[in-house]
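Peer 1: Compute the structure for the input listed below.
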Amino acid sequence: MARFVEITRSDVSGAYIQPVSEVISAVDAELIDQIDDVDVGTSITLTVVEMSQEEHDAAPEFTGW
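Peer 2: Residues are numbered from 1 along each chain as shown. Modelled structure (predicted):
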């Protein structure tokens, strides 16, 4: 089993799962690129999850918030 990071936001539904190696770019996209569009008080949660690469590959594609 591999470890991935699930990213959720308190202001919208849904989540997406990134390989650990891509977490920094995901956080950059959520905060730096979109900070003016995020309401004050919004939380972004990073949760470590474990799944096989096959499970990750079979997950539905994230289409954005």
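Peer 1: List the buried residues of stretch 14-34.
Peer 2: Within stretch 14-34, the residues scored as buried using 16 or more other CB atoms under 10 Å are 16-18, 26, 30. C-beta coordinates here come from the backbone N, C-alpha and C atoms, glycine included.
Peer 1: what's the strand or helix carrying Glu55 packed up against?
Peer 2: According to DSSP states H and E, Glu55 maps onto helix 53-58. Packed against helix 53-58, as judged by 3 or more CB pairs under 8 Å, 6 or more residues apart in numbering; DSSP states H and E, are the following elements: strand 2-9.
Peer 1: Can you give the strand pairings for the strand it packs on, parallel or anti for each?
Peer 2: Strands that pair with strand 2-9, judged by DSSP bridges, come out as strand 15-19 (antiparallel), strand 44-51 (antiparallel).
Peer 1: contact partners of that strand?
Peer 2: Contact with strand 2-9 is made by 14-20, 23, 26-27, 30, 38, 42-53, 56, 65, as judged by CB atoms under 8 Å, 6 or more residues apart in numbering.
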